[in-house]
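Q: build me a model:
(2 chains, ligands or ions: 2)
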Amino acid sequence: MTAIAAHTTWMTQRQLKALVRQPAYLIIQFIQPAIWLFLFGSLFRKVAELPGFGAPSYLDYLVPGVVVMSALSTSMWSGMTVLEEIDRGIMDRFLVLPLRRSAIINASVVMQSIGTVIQSLIIIGLGLAAGAHYPGGAVGLLVLLVVSVLVAVVFSALSNTIGMLARERETIIGLSVFLLLPLTFLSTAFMAPALMPHWMRIVADCNPVNWALEAARAAMSADPDWARVAAQGGGLLALAVGVTALSVLTFRAYQKSV
Amino acid sequence: MSTQAQDAGPARATHPRALAIEARDLVKTYPKGVRALDGLSFTVQEGTIFGLLGPNGAGKSTTVKILTTLAQADSGSASVARLDVRAQAAAVRRAIGVVAQRSGADPTATGRENLLLSGRIQGLRGRELGRRADELLDRFDLAGAAGRMVRTYSGGMQRRLDVAMGLIHRPEVLFLDEPTAGLDPESRSAMWDEIARLSAGEGLTILLTTHYLEEADRLASQLAIVECGRVVAAGSPDELKARLRGDAVHVELAVPGDPAQLDAVLRQVPEVREVSVTGTQLSARADDGATTLPALLIALERAGISVHGIAAARPSLDDVYLRYAGRRFAEAEEPASAASQPAQPAQNPSGGTR
Ligand SMILES: Nc1ncnc2c1ncn2[C@@H]1O[C@H](COP(=O)(O)OP(=O)(O)O)[C@@H](O)[C@H]1O
Ligand SMILES: [Mg+2]
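A: Ligands and ions are numbered 1, 2, ... in the order given. Next up is the predicted model:
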């Protein structure tokens, strides 16, 4: 266990250094959600006035939506890093060293989590500056951070797995483009469930992005529904563990193809 | 003739050695049915440099991947440093250093960071690790560039870093997969010196793959010629050449000749054997090249075949290759190298100097 922790630390440090040395990528990752917050906030402001929406201000409703959407959109590119490392031979070098396989995956998960936490804090801060209210307080925001990290873990692990199996950039790009909008809009990210068509609500119930949003909003309300937080968050956590385990197993398939 | 003549040192040559690498009947088929290895076997004695020589696509890298635990063979078995590569993979990884055909260094990290990470994963810590890294950076002439990102390195620097990374934990067996491919002649010869020193000075066992005849000839004390996933000939370079009996005779014809006709003509000259013709290049073997040449010229002239040049030489590895693979080494290289390695130095067909 300590070996895994040490190996994970080294592999994470390596990626952190690389990230800090490419600040352009970092800046884009943190500016994009601000743009979304501004665009959706302006475009849909009047939505909250619709009867049955059930939130006092659209901005309050929007912040968790943008936080989770940003976690989703950033993490789906994670497989590109894995592919790059495979193409450069870095992956193969690590695989012939006495390095724990899970450390390679763990490092990717930790990196995604760090990025997601920073990104989410920026969005929460921007929301606050624009006048959003967080009636659930610090605990509610903490739950938002946790579920956005879980979303990032699920989709980065998925992206890594697909990267290792398909070994093509196009597959990852295609999948990200194809999945981002349906996963976001087939959820309550920007629209209250009461105003969604019936079939969409049923689809949303099966959408892990929506689980995250439901858990976050339940925790962030003035009167938190903890049973709901536990149910939705628990499902998300189980999925995150499952997909991460799957991506560790993918190494075996990868090593068959080298 | 002594078969130990090329070995690393006289002191060791007198002892029977343990085996550092043993590969038995390795078979590997890739998805889509490419049979990369087709029953490949060889052994490497401790403390020697062993060369796997073959054209692109022969199966050299696949062999290295299996021996270094990256890939698994479909059948057959292999041991490295007396450890089974399948059952004891983790222990094998600690005993070996690997320089893959593609550099595995992280281009966004500095040379020193790459070295330190490899060392840490291999179990080195603290001051000992720092000292070892500095020592290797010095030795591979990278001290000045140690703090620079690897992305800024030249091809030669990157290759030297790869070797340093493979050596950080003082492995028992070092794998070098085409360590000089794509390097300029100067970097190549510097790398050769370094490889020779590693084996002589530290008693390291080195498995070297190459598609340069000259490299195998110069560095390897034992070698195996690999064609289509099988070993077609094995032995020391001198042994392999000696097995050919006699000198190589090369004739440059004025126009491409008819192999059957030329074979018939040359067989009239006593002592001439193994005639082969590719275009205007005619090769044959003769016990004593110098005395056979005049008779050979006369026979060709009588048959009305004009000749641009003729030479006799001690057999080279290229002649060995021709004998066992049935074609010239450069020919075997052409189809694959045209696509993947545009900057191939020309193979000199009569370059045998030993
Ligand atoms: N990962 C792979 N997937 C499919 N085929 C491969 C793979 N690696 C090598 N091959 C095929 O196996 C054969 C041997 O390749 P390789 O071992 O790389 O040869 P060498 O290193 O001698 O040039 C070639 O035909 C090559 O195309
Ligand atoms: Mg190769």
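
Q: how far off centre is stretch A:139-156?
A: Offset of stretch A:139-156 from its chain centre (Cα atoms, centre = their mean, to the nearest Å): 7 Å.

Q: no, scratch that, I was asking about stretch A:246-258
A: On Cα atoms, centre = their mean, the centre of stretch A:246-258 falls 23 Å from the chain's centre.

Q: give me the buried positions along it.
A: Residues of stretch A:246-258 classed as buried by neighbour count (16 or more other Cβ atoms under 10 Å in any protein chain shown): A:247-248, A:250-251, A:254-255. Just so you know, the C-beta spots here come from the backbone N, C-alpha and C atoms, and that holds for glycine as well.

Q: repeat for stretch A:36-51
A: Going by neighbour count (16+ other Cβ under 10 Å), the buried part of stretch A:36-51 is A:36-37, A:40-41, A:44, A:47-48.

Q: make TSV out of the buried residues of stretch A:246-258 and add distance to residue B:260 and secondary structure.
A: Output for these, formatted as TSV (distance: Cβ to Cβ, whole Å; DSSP: H, G, I helix; E, B strand; the rest coil):
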residue	distance to residue B:260	secondary structure
A:247	62	helix
A:248	62	helix
A:250	57	helix
A:251	56	helix
A:254	52	helix
A:255	50	helix
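
Q: restrict those residues to contacts with ligand 2.
A: With Cβ under 5 Å from the ion as the criterion, the buried residues of stretch A:246-258 include none near ligand 2.

Q: mind listing what the spatially closest residue to residue A:139 that is not a sequence neighbour touches?
A: In space, and not counting its chain neighbours, residue A:139 is closest to residue A:219: 6.7 Å by Cβ to Cβ, 6 or more residues apart in numbering or on different chains. Counting by Cβ atoms under 8 Å, 6 or more residues apart in numbering or on different chains, residue A:219 makes contact with A:136, A:139-140, A:143-144, A:226, A:229.

Q: of these, just the buried ones, ChimeraX syntax please.
A: Command for ChimeraX, covering only those of these found buried under the criterion 16+ other Cβ under 10 Å:
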select /A:136,140,143,144,229
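
Q: between the contacts of residue A:219, which is nearest ligand 1?
A: Set against ligand 1, the nearest of the contacts of residue A:219 by Cβ to the nearest ligand atom is residue A:144 (43.6 Å).

Q: any idea how far residue B:157 is from the closest one?
A: Distance of residue A:144 to residue B:157, computed by Cβ to Cβ, to the nearest Å: 48 Å.

Q: make sure residue B:261 is indeed in a helix.
A: Yes. Counting by DSSP: H, G, I helix; E, B strand; the rest coil, residue B:261 is part of a helix.

Q: what about it, neighbour count?
A: Neighbours of residue B:261 under the rule other Cβ atoms under 10 Å in any protein chain shown: 12.

Q: and it, how far is that from residue B:299?
A: Separation of residue B:261 from residue B:299 (Cβ to Cβ) stands at 12 Å.

Q: could you identify the most distant pair in the contacts of residue A:219?
A: Spatial extent of those (Cβ to Cβ) is set by the pair A:144 and A:226 at 14.5 Å.

Q: so residue B:171 is in contact with residue B:95, correct?
A: Yes. Using Cβ atoms under 8 Å, residue B:171 makes contact with residue B:95 at a distance of 6.1 Å.

Q: for the residue of the stretch 1-150 of chain A found nearest ligand 1, give me the pLDDT.
A: Of all residues in the stretch 1-150 of chain A, the one sitting closest to ligand 1 is residue A:92 (10.3 Å; Cβ to the nearest ligand atom). The model reports residue A:92 with a pLDDT of 96.

Q: equivalent analysis for residue B:332, please.
A: According to the prediction, residue B:332 has pLDDT 65.

Q: contacting residues around residue B:116?
A: Residues near residue B:116 by Cβ under 8 Å, 6+ apart: B:129-130, B:133.

Q: residue of the stretch 151-300 of chain B with the smallest distance to chain A?
A: The stretch 151-300 of chain B approaches chain A most closely through residue B:165 (7.9 Å), counting by Cβ to the nearest Cβ.

Q: how far off centre is the strand or helix carrying that residue?
A: Taking DSSP states H and E as the criterion, residue B:165 maps to helix B:155-167. Distance, stretch centre to chain centre, for helix B:155-167: 18 Å (Cα atoms, centre = their mean).

Q: before we move on, the earlier item: and the helix or strand hosting the residue of the stretch 1-150 of chain A closest to ligand 1, does that touch chain B?
A: Assigned by DSSP H and E, residue A:92 belongs to helix A:90-95. Yes. Applying Cβ under 8 Å from any Cβ of the partner chain, one finds that helix A:90-95 is in contact with chain B at A:90, A:92-95.

Q: which residues are contacting the least confident helix or strand in chain A by mean pLDDT?
A: Lowest by mean pLDDT, DSSP states H and E among the helices and strands of chain A is helix A:23-43, with a mean of 84. If you take Cβ under 8 Å, 6+ apart as the criterion, helix A:23-43 is touched by A:19-20, A:58-59, A:62-63, A:65-67, A:69-70, A:73-74, A:115, A:118-119, A:122-123, A:126-127, A:130, A:190.
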